[in-house]
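Enquirer: Sequence and predicted structure are below.
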There are 6 protein chains.
Amino acid sequence: MPALDELPEDVRARIEQVGEKTGFVPNIFLALARRPAEFRAFLAYHDALMDKVTPGLDKADREMIVVATSAANDCTYCVVAHGGILRVRARDPLIADQVATNYRHADITARQRAMLDFALRVATESATVSDEHLAELAQYGFDTDDVWDMGAITALFAQSNRMAHLMALRPNPELHLLDRVPGDPVG
Amino acid sequence: MPALDELPEDVRARIEQVGEKTGFVPNIFLALARRPAEFRAFLAYHDALMDKVTPGLDKADREMIVVATSAANDCTYCVVAHGGILRVRARDPLIADQVATNYRHADITARQRAMLDFALRVATESATVSDEHLAELAQYGFDTDDVWDMGAITALFAQSNRMAHLMALRPNPELHLLDRVPGDPVG
Amino acid sequence: MPALDELPEDVRARIEQVGEKTGFVPNIFLALARRPAEFRAFLAYHDALMDKVTPGLDKADREMIVVATSAANDCTYCVVAHGGILRVRARDPLIADQVATNYRHADITARQRAMLDFALRVATESATVSDEHLAELAQYGFDTDDVWDMGAITALFAQSNRMAHLMALRPNPELHLLDRVPGDPVG
Amino acid sequence: MPALDELPEDVRARIEQVGEKTGFVPNIFLALARRPAEFRAFLAYHDALMDKVTPGLDKADREMIVVATSAANDCTYCVVAHGGILRVRARDPLIADQVATNYRHADITARQRAMLDFALRVATESATVSDEHLAELAQYGFDTDDVWDMGAITALFAQSNRMAHLMALRPNPELHLLDRVPGDPVG
Amino acid sequence: MPALDELPEDVRARIEQVGEKTGFVPNIFLALARRPAEFRAFLAYHDALMDKVTPGLDKADREMIVVATSAANDCTYCVVAHGGILRVRARDPLIADQVATNYRHADITARQRAMLDFALRVATESATVSDEHLAELAQYGFDTDDVWDMGAITALFAQSNRMAHLMALRPNPELHLLDRVPGDPVG
Amino acid sequence: MPALDELPEDVRARIEQVGEKTGFVPNIFLALARRPAEFRAFLAYHDALMDKVTPGLDKADREMIVVATSAANDCTYCVVAHGGILRVRARDPLIADQVATNYRHADITARQRAMLDFALRVATESATVSDEHLAELAQYGFDTDDVWDMGAITALFAQSNRMAHLMALRPNPELHLLDRVPGDPVG
């Protein structure tokens, strides 16, 4: 991994900002910084999809999609890191482990189940997506923009799961613990 | 789930014993107690394979096999429960999440990697097991009894993963936290 | 395989009993006897599920589940041995070969087809079992105990198929012929 | 199925000939006769590949390929019918059940194992066939014509397995018993 | 490949005939001619199924089945050659690429979509064909002979895809271009 | 799709630029423009990986990775569009169809075959990437940056294949013809 002071100014600033906010720098930031142009593009894409709340999808829903699809791809970094963020967003210490292992038996709503069924289809057999699946989602009130968001989040993490595997990226120990213990100052 | 005082004496005694030792009764015990004969048979098989240390396989190795193969079967109960026990046995707060998501990239020895490769073969395509796989294991010092243990642990959890799915069994909240936090009184 | 007179008394008695009843000792008994505690646990589990007739499932139904799911696991020992027992139980010389190769095109009732569809789901993708499958079974009159039996038989043979593969267990020649020929004294 | 006397002369003659030789008319003949041109083409292809002995492949080897690949396709008719013929050709009452369920654990030579590994590759993932597989076969003495025969037999039964499934074709009861019992007049 | 003047008269005549009609000899003809009996049987089967127009299936429908199922088998020769013929038959320069990559998103009718769904089932999981699929086809007006044709075309190309892979057969350059360019004299 | 004059200035400029250079606007540009921030992020990522020549990977190699992995994902838009660009880059009218259908039998070098084997692994089973695969690539002279490029291109198109499926995106007719005909003014 590159040294912080060898990085372009904007890349370094982003890394320092996340370190200050979170208390540590998640490994993905330093790993991607080796290629500044790709670092910027990935984070721009990420922010456009994940730093957003819409009437159809709150931040916990978005993280749930990341955890379920990253688990289908067996990606340790993304499951642990976004599992931690999901616990924070959902204020639920158990949900991430449930969604990561078998979302079909997790404590989620029928609407979230439909959302994850669709995300898993995009993650693992996207060529089969058809109008009937969009119609099913519409029954739960998901509109065209919601479908785009679900699909695009899944697609972006299809990309980043593969990058994490390529680098055999290991999660920071702190990520395993984010908001696991109620009242714990870590998360 | 049946009430404790409606259970046969030996079944109730076993459940009370585990509750005293662990501080809570893992849900699998009450779920299986609905059928006392099957409860006794499962625990007899479990104890014969898991309550044992041999020169070839310590208790952490045995739990690692359970976690990796239960993850291949997407079994939330077994991954969370035995993930907790693995953290206790291995004295390592990170190993269970790593093995559960992608054991190929986990912090394990080459010998443990060979052990898990074999266990996964037995879990997912056991018809292909052949002499060449036993020869590979022998190179790491695994003998005939070690191979039987690895295969039999995998086979027993092939059974219990399916039972857990059948009952949509949910892990107790305490199991998610076993030995996650160093110095934590939970584990 | 161990010599009979080196085995614990109860193990030897069980083996002699089956030999007297059947006319030969099926290879699985001697193979498992190498580990008496596991031998006892397996047979206790087996007897609890297979030596039983309920209003929902007769003995032929139970054997049919074993044959269909063992075939999905490509287990020669279990397909041949339980195929033979299925011919005996169903008094039908053709049913075992049909169920072993493609149960979807076998001469079975719609109720048995639903039973085998469920058993195959538990055998090959148990994480997907959900309430809708239980509802489908209820339409054929299967109650909660029937579902437990179907799932538990499938789960137990998921275990024993893997053990048979681990030992590359070969069926006794007599098992191939059990009740194949009408009026034949073999079966 | 069409009546015999409505069939073209050559088709009827072929059916009567097989009936006289075997003692019954295997169902595939009447099923295919519905389309005489396809009947003739299939049997011409079949005879060119199966009615032949070469230094590299005897008739039992050819039937073994049919049984193993038809089993991979879950084709009851072809597994039962060609399993019967395999017992006749190999003069072995057990070999067909072994090859049909898991050829990897069957009593066959290393050369036959290599032959079946290749046939299964052609049956289930033919796009991956490459020079390295032909080199492996050459080590067992298989020449170019042997490889063509193995591949072509597998390819022809890829075709006929699908036709049998399309028609849900059931094997004649006699086929289940061909040469099962030593000294039995059936086979 | 054999020299033309060493081939039996009828084989040579067929090859010269196709060369005169098409302007070049597609490589499959010379490749199969190495075995005249198989050459004749394959072409007899091919002509019986492909050189035919019925009320249920026109020639473009038949080629569409070949392209979609050959694509599922990753067969370069058949996808390129029959893709070219499909462009000719359908008078559509885009349809072959669409059907070869993802027929679910191609510009085809709902009836053709049902036809291809069935053909793909026969190509990739024929053991699951059942009455419910025939009932679905009947809703689009497909009768018993249409279903036989769809299934038999798929089955025949299951055979020829495997032969093409066995020979690593390369398409003639001309086949890539057949009727790609409107008004182009090539097609 | 949005009207050009409703788009942000930089998005519109990029679209007009590609239209002038290529002679038409590939559909992906207008489809993504519906979300300007995502449009910018995707193209920034794309340009960082595809608009580049290194000693290890030329532009045709990069396109070959896109075509082979997009074909594994059954993505019509990406296979047709990047198939066209591959023909242009490789100055070979046949290579795209070969790589799209079965790259194992395509006219490529052993080095390109190793590159595509690795890319396909990242596309379809990235969790299994391990040091042994990197060692194999090193034997062909691929260094760490080459491996990053191969993996990152595959990962980016894992993302964009899923977006194209989500939108059921159809390729422009011109893309099917790019450089198909030698001397053709289209390409």
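Expert: Structure's in. What do you need?

Enquirer: Is any residue of the top helix by length along chain A near chain F?
Expert: In chain A, taking DSSP state H as the definition, the longest helix is helix A:144-166. Yes - on the criterion Cβ under 8 Å from any Cβ of the partner chain, helix A:144-166 is in touch with chain F at A:147-148, A:151-152, A:154-156, A:158-163, A:165-166. (Glycine included, C-beta is placed from N, CA and C.)

Enquirer: thought residue A:44 was touching residue F:44?
Expert: Yes - with contact defined as Cβ atoms under 8 Å, residue A:44 counts as touching residue F:44 (6.8 Å).

Enquirer: Next up, the contacts around the residue in chain A that chain D sits nearest to.
Expert: Of all residues in chain A, the one sitting closest to chain D is residue A:127 (17.4 Å; Cβ to the nearest Cβ). By Cβ atoms under 8 Å, 6 or more residues apart in numbering or on different chains, the contact set of residue A:127 is E:102, E:104-105, F:73-75, F:165.

Enquirer: Please repeat the previous calculation with a cut-off of 10 Å.
Expert: A:121, E:101-105, F:73-76, F:161-162, F:164-165 (Cβ atoms under 10 Å, 6 or more residues apart in numbering or on different chains).

Enquirer: just for chain A, where's the confidence low?
Expert: Residue ranges of chain A with pLDDT under 70: A:182-187.

Enquirer: follow-up on the earlier one: just the angle between the longest helix of chain A and helix F:144-166, please?
Expert: 160 degrees (axes from the mean of the first three to the mean of the last three Cα atoms, to 10 degrees).

Enquirer: Any chance you could list what contacts the helix or strand just after helix A:144-166?
Expert: Note on helix A:144-166: by DSSP states H and E, the next helix or strand toward the C-terminus is helix A:173-177. Outside of helix A:173-177, the residues within contact range by Cβ under 10 Å, 6+ apart are A:22-24, A:26-28, A:77, A:79-85, A:87, A:184, A:186-187, B:93-94, B:96-98, B:177, B:180-182.

Enquirer: ok, so what distance separates the residue of chain A at minimum distance from chain E from residue E:100?
Expert: Nearest to chain E, among the residues of chain A, is residue A:127, at 5.0 Å (Cβ to the nearest Cβ). Separation of residue A:127 from residue E:100 (Cβ to Cβ, to the nearest Å): 12 Å.

Enquirer: which residues are common contacts for those two?
Expert: Taking Cβ under 10 Å, 6+ apart as the contact rule, residue A:127 and residue E:100 both touch F:74, F:76.

Enquirer: rewinding a little: with respect to residue D:136, which of the residues of helix A:144-166 next to chain F is nearest?
Expert: Taking Cβ to Cβ as the measure, residue D:136 lies nearest residue A:165 of the residues of helix A:144-166 next to chain F, at 30.6 Å.

Enquirer: What is the burial count for the closest one?
Expert: Counted with other Cβ atoms under 10 Å in any protein chain shown, the neighbours of residue A:165 add up to 28.

Enquirer: Counting neighbours, what do you get for the closest residue to it other than its chain neighbours?
Expert: Here the nearest residue to residue A:165 in space, its sequence neighbours aside, is residue F:126; by Cβ to Cβ, 6 or more residues apart in numbering or on different chains that works out to 4.1 Å. When neighbours are counted by other Cβ under 10 Å, residue F:126 registers 23.

Enquirer: do the same with residue A:61
Expert: Close neighbours of residue A:61, defined as other Cβ under 10 Å, add up to 25.

Enquirer: can you give me the helices for chain A?
Expert: A:9-22, A:27-32, A:36-50, A:59-72, A:76-90, A:95-102, A:110-125, A:131-139, A:144-166, A:173-177.

Enquirer: In contact with the residue nearest the centre of chain A, which residues?
Expert: Among the residues of chain A, residue A:66 comes closest to the average C-alpha position under Cα atoms, centre = their mean, at 3.6 Å. Residue A:66 makes contact with A:49-50, A:75, A:78-79, A:81-83, A:85-86, A:99, A:119, A:153-154, A:156-157, A:160-161, according to Cβ under 10 Å, 6+ apart.

Enquirer: so how far is residue F:155 from it?
Expert: Separation of residue A:66 from residue F:155 (Cβ to Cβ): 15 Å.

Enquirer: thinking again about what came up before, only whichever of the contacts of residue A:66 are buried, select them in PyMOL.
Expert: Remark: buried members of the contacts of residue A:66, expressed as a PyMOL selection using 16 or more other Cβ atoms under 10 Å in any protein chain shown:
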select buried, chain A and resi 49+50+75+78+79+81+82+83+85+86+99+119+153+154+156+157+160+161
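
Enquirer: In a markdown table: the helices of chain A, plus distance to residue F:37.
Expert: Listed next are the helices of chain A as a markdown table, based on distance: least, Cβ to Cβ, whole Å:
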| stretch | distance to residue F:37 |
| --- | --- |
| helix A:9-22 | 16 |
| helix A:27-32 | 19 |
| helix A:36-50 | 4 |
| helix A:59-72 | 15 |
| helix A:76-90 | 21 |
| helix A:95-102 | 27 |
| helix A:110-125 | 20 |
| helix A:131-139 | 23 |
| helix A:144-166 | 11 |
| helix A:173-177 | 27 |
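
Enquirer: With residue C:112 as the reference, name the closest of those.
Expert: helix A:95-102 (28.6 Å).

Enquirer: quick check, that closest one touching chain C?
Expert: Yes - residues of helix A:95-102 are located near chain C by Cβ under 10 Å from any Cβ of the partner chain, namely A:101-102.

Enquirer: For that helix, list every residue counted as buried.
Expert: A:95-102.

Enquirer: Backbone torsions only: list them for residue A:106.
Expert: Dihedral angles of residue A:106 (phi, psi; degrees, to the nearest 10) stand at phi -80, psi 160.

Enquirer: quick revisit: what's the spacing between the residue nearest to the centre of chain A and residue A:175?
Expert: Counting by Cβ to Cβ, the separation of residue A:66 from residue A:175 is 13 Å.

Enquirer: Ok, residue A:92 next?
Expert: Counting by Cβ to Cβ, the gap from residue A:92 to residue A:175 is 17 Å.

Enquirer: The two: who's more crowded?
Expert: Legend: neighbour count by other Cβ under 10 Å for residue A:92 and residue A:175, higher for residue A:175 (24 against 14).

Enquirer: any idea how far that one is from residue B:97?
Expert: To residue B:97, residue A:175 is 9 Å away according to Cβ to Cβ.

Enquirer: where do the contact lists of those two overlap?
Expert: Taking Cβ under 10 Å, 6+ apart as the criterion, residue A:175 and residue B:97 both touch A:79-80, A:83.

Enquirer: Residue A:145: neighbour count?
Expert: For residue A:145, the count of nearby residues is 14 (other Cβ under 10 Å).

Enquirer: do you know how far it is from residue F:34?
Expert: Counting by Cβ to Cβ, the gap from residue A:145 to residue F:34 is 9 Å.

Enquirer: now residue A:100
Expert: Taking Cβ to Cβ, one finds residue A:100 at 32 Å from residue F:34.

Enquirer: again with residue A:27
Expert: From residue A:27 across to residue F:34, the span is 33 Å (Cβ to Cβ).

Enquirer: Also residue A:161?
Expert: In terms of Cβ to Cβ, residue A:161 sits 25 Å off from residue F:34.

Enquirer: Could you dump the buried residues of helix A:95-102 into a markdown table and include distance to residue B:60?
Expert: Listed next are the buried residues of helix A:95-102 as a markdown table, based on distance: Cβ to Cβ, whole Å:
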| residue | distance to residue B:60 |
| --- | --- |
| A:95 | 28 |
| A:96 | 24 |
| A:97 | 20 |
| A:98 | 25 |
| A:99 | 27 |
| A:100 | 22 |
| A:101 | 20 |
| A:102 | 24 |
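
Enquirer: Just give me the closest of those residues to residue E:61.
Expert: For the buried residues of helix A:95-102, the nearest to residue E:61 is residue A:102 (42.1 Å; Cβ to Cβ).
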